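*Asks:* can't give you the sequence, but here's the structure:
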């Protein structure tokens, strides 16, 4: 967008300030390229598995690698020991912890309230809580299997629970305040690879498992209240009122299909006296929360290895090892059938997706490159090629519209908007004055 | 109509494929979609590709279309998904998940599928004549009501029992005839399958590999489309145009416009 023209319009009131800001932010986010002004010197000797910037200041980048090391970088101030090291500002780590864990660290999170604490989770079955200033372990939790991911709710006021996704079928919630496990959520039939708290409610947790199912849990009640099924779909943003919805199709309602099939089974049993079928025996009394454990609906044909909720809390993006990315409407629990063009997602590790805060672009690591897709149309906006090996994680810094990516080649790359605002205004200015020069005389 | 579409340029550009059908729209109305006055691009693309399905010598198979082929001939993939969903719900087409590679689906028109099923049932000699009525129950109760790609064991039994007593032997018969396949992930779920299609699926996966290696052997990993179409694949009974469409749709090949025509290039990730 033409910067000078937009500023003029904002001044005289024809463009609202919020629309001006939105336009600038979205044009910058859509024009990312490998930064030629900033780089991170990472001392990691293993693949980088997780990147996160703290939500309080938006300044410190926490990275975790497969060699058991954790590092924190300052994204605003370059660390320069000499006065002038060249055109590219080098950011070295503020501290680099070696030996933090015995095996690979799969995820590292900042404590949502401030940067005084951070949490790391590793394949050595431990989740550790660290004090940032003294870089010492404050608390640790031992889990029964290797931990694939952790999550904490960004705005929780009543609880400080860490949700852990492990190779064990149960999701455990660890409490920071007491040091104990408060909840055990069972329902998945295989390990859980990804976990994400809802961005609209502090009590709703979403987990994606290796069995391909995505479950929604309300931690105040037992059992999952929603299991996403890829065959239940809606066309568009809101489920339309189809006339067919009233002709009780068995596939139109997720919860009633189970009860209607059980009614049919009972009716069939009454009709035919000798029944030779062995149906699945009901193992326990059907508690209202536990009936969902028999719901075998899958959201992907492989493992669900990445989950990201949009900032407005309305939609969920999930990536699976079947190389599909799906967009789900959280309220109706249906697949919106947006098709994101061909991508190849690595199948062995959990990956980290990123969405811009206005939910317009989603960044997906696809093997050695990163692709940006338009969330609603599914078209590829951009492909970012710069890493030498598979990209594992990405994080979008909403304040500066920069993207940070970490990959198996041990590097953290920075992608920044291609035209810095100052240069844009200069080029607009030049164009403007040439027109003015012709029009100055009468 | 079938001959005219086959004689045209093989890989037509996308704008062409959307203009063509308007001329044939009148003749297409006689086939299932008589209630619709407007044709979505997906439905028309399906008809066109059904007409172009290669004639096979050894096996008699009704035409089926792969989902990736549909993506390569209609521009907007989201629209394709949504149209397919509504066509599925109206029981005009049936979608099957194939086990060749990840996320492969085959689309077949409903009457083609029913004809294929009849052929398969006729050819499969049933030892126990009483069990053969399960095929009628399957056609009448299960196919009409279940439009998904898979079905769970309790659902299957309850739907089949609308016809009569159902035993495990009936379900075994359905699996042996090739109408249902077990899933590896879950013991209680079955995939719907197209019967007698095994040799073609083998040809599909081998043909894909052969085509990719053909292009890989060239110096710059690209080939002019006109030259590529003249080649014949050794390992696959399906013709090369089928495979080209499929690979373009799944993203492994891409088309590039050049002064000498359309080039097919191997896409690097």
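*Replies:* Structure received. What you see is a predicted model, and the numbers here were worked out from it, not measured in a lab.
*Asks:* for residue A:166, give me the pLDDT.
*Replies:* Residue A:166 is assigned 93 on the pLDDT scale.
*Asks:* if you skip the residues just before and after it, what's nearest to it?
*Replies:* Nearest non-adjacent residue to residue A:166, counting by C-beta to C-beta, 6 or more residues apart in numbering or on different chains: residue A:145, 4.5 Å away. Just so you know, the C-beta spots here come from the backbone N, C-alpha and C atoms, and that holds for glycine as well.
*Asks:* by mean pLDDT, which helix or strand of chain B comes out lowest?
*Replies:* helix B:2-7 (a mean of 40; mean pLDDT, DSSP states H and E).
*Asks:* so where's the chain shaky on pLDDT?
*Replies:* If you meant another chain, say so; for now it's chain A. A:1, A:81-85, A:238-291, A:419-442 (pLDDT under 70).
*Asks:* please refer instead to chain B.
*Replies:* B:1-40, B:126, B:128, B:131, B:185-186, B:269.
*Asks:* residues from it in reach of chain A?
*Replies:* By C-beta under 8 Å from any C-beta of the partner chain, the residues of chain B that approach chain A are B:71, B:76-78, B:80-82, B:85-86, B:89, B:97, B:102-103, B:145-149, B:152-155, B:157-158, B:161-162, B:164-168, B:185-186, B:188-189, B:249-252, B:269.
*Asks:* quick one: secondary structure of residue A:297?
*Replies:* coil (DSSP: H, G, I helix; E, B strand; the rest coil).
*Asks:* so it touches residue A:228, yeah?
*Replies:* Yes: Residue A:297 is within contact range of residue A:228, at 7.0 Å (criterion: C-beta atoms under 8 Å).
*Asks:* which residues are in contact with each of the two?
*Replies:* residue A:213 (C-beta atoms under 8 Å, 6 or more residues apart in numbering or on different chains).
*Asks:* the more surrounded of those two?
*Replies:* residue A:228 (27 against 21; other C-beta atoms under 10 Å in any protein chain shown).
*Asks:* quick one, phi/psi of the more buried one?
*Replies:* phi -80, psi 140 (degrees, to the nearest 10).
*Asks:* and the gap between the residue in the stretch 251-400 of chain A positioned nearest to chain B and residue A:323?
*Replies:* Residue of the stretch 251-400 of chain A nearest chain B, by C-beta to the nearest C-beta: residue A:342 (2.5 Å). Applying C-beta to C-beta, to the nearest Å, the value for residue A:342 to residue A:323 is 8 Å.
*Asks:* contacting residues around the residue of chain B found nearest chain A?
*Replies:* Per C-beta to the nearest C-beta, the residue of chain B with the smallest distance to chain A is residue B:251, at 2.5 Å. Counting by C-beta under 8 Å, 6+ apart, residue B:251 touches A:341-344, B:267.
*Asks:* which of these are buried?
*Replies:* A:341-344 (16 or more other C-beta atoms under 10 Å in any protein chain shown).
*Asks:* show me where the stretch 201-350 of chain A has its strands.
*Replies:* A:204-209, A:214-218, A:224-228, A:304-309, A:315-320, A:325-329, A:334-335 (DSSP state E, counting those that start in this stretch).
*Asks:* using TSV, please lay out those together with distance to residue A:363.
*Replies:* TSV is the format used below for the strands of the stretch 201-350 of chain A (distance: least, C-beta to C-beta, whole Å):
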stretch	distance to residue A:363
strand A:204-209	18
strand A:214-218	20
strand A:224-228	22
strand A:304-309	9
strand A:315-320	10
strand A:325-329	11
strand A:334-335	21
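*Asks:* CSV for these, including distance to chain B?
*Replies:* What follows is the strands of the stretch 201-350 of chain A, written out as CSV (distance: least, C-beta to the nearest C-beta, whole Å):
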stretch, distance to chain B
strand A:204-209, 11
strand A:214-218, 15
strand A:224-228, 14
strand A:304-309, 13
strand A:315-320, 9
strand A:325-329, 10
strand A:334-335, 9
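*Asks:* now for these, which one comes closest to residue A:381?
*Replies:* Closest of these to residue A:381 is strand A:325-329, at 13.7 Å (criterion: C-beta to C-beta).
*Asks:* from the chain's centroid, how far away is that closest one?
*Replies:* Taking C-alpha atoms, centre = their mean, to the nearest Å, one finds strand A:325-329 lying 12 Å from the centre of the chain it belongs to.
*Asks:* please apply the same query to stretch A:10-17.
*Replies:* Using C-alpha atoms, centre = their mean, the offset of stretch A:10-17 from its chain centre is 35 Å.
*Asks:* ditto for stretch A:137-145
*Replies:* Worked out by C-alpha atoms, centre = their mean, stretch A:137-145 lies 24 Å from the chain centre.
*Asks:* and if you look at stretch A:401-413?
*Replies:* 16 Å.
*Asks:* need the contact list for residue B:121.
*Replies:* Contacts of residue B:121 (C-beta under 8 Å, 6+ apart): B:132, B:135, B:177.
*Asks:* does it count as helix, strand or coil?
*Replies:* Per three-state DSSP, residue B:121 ends up helix.
*Asks:* distance of it relative to residue B:73?
*Replies:* From residue B:121 to residue B:73 the distance is 33 Å (C-beta to C-beta).
*Asks:* looking at the strands of the stretch 201-350 of chain A, which is nearest to residue B:263?
*Replies:* strand A:325-329 (28.6 Å).
*Asks:* mind listing what that closest one pairs with, with the direction of each?
*Replies:* Strand A:325-329 pairs in its sheet with strand A:315-320 (antiparallel), strand A:334-335 (antiparallel), by DSSP bridges.
*Asks:* hey, where'd the helices end up in the stretch 251-400 of chain A?
*Replies:* A:254-271 (DSSP state H, counting those that start in this stretch).
*Asks:* cool, the stretch 1-150 of chain A as well?
*Replies:* A:3-12, A:17-29.
*Asks:* wait, doesn't residue B:54 sit right on residue B:243?
*Replies:* No: checked against C-beta under 8 Å, the pair residue B:54 and residue B:243 is beyond contact range at 10.3 Å.
*Asks:* need the nearest residue in space to residue A:186, chain neighbours excluded.
*Replies:* Nearest to residue A:186 is residue A:170, by C-beta to C-beta, 6+ apart, at 4.8 Å.
*Asks:* contacting residues for the closest residue to chain B within the stretch 51-200 of chain A?
*Replies:* Per C-beta to the nearest C-beta, residue A:189 is where the stretch 51-200 of chain A lies closest to chain B, at 8.2 Å. The neighbourhood of residue A:189, defined by C-beta under 8 Å, 6+ apart, consists of A:169, A:209, A:211, A:213, A:296.
*Asks:* contacts only, for residue 103.
*Replies:* Using chain A. So residue A:103 contacts A:68, A:122-124, A:146 (C-beta under 8 Å, 6+ apart).
*Asks:* that's the wrong chain, I meant chain B
*Replies:* Contacts of residue B:103 (C-beta under 8 Å, 6+ apart): A:301, A:322-324.
*Asks:* out of those, who has the most neighbours?
*Replies:* Neighbour max across the contacts of residue B:103 (other C-beta under 10 Å) = residue A:323, 22 neighbours.
*Asks:* that residue contacts residue A:341, doesn't it?
*Replies:* No: the criterion here is C-beta under 8 Å, and residue A:323 misses it with residue A:341 at 11.0 Å.
*Asks:* list the contacts of residue B:234.
*Replies:* Applying C-beta under 8 Å, 6+ apart, the residues near residue B:234 are residue B:210.
*Asks:* does it belong to a helix, a strand or coil?
*Replies:* Classified using three-state DSSP, residue B:234 is coil.
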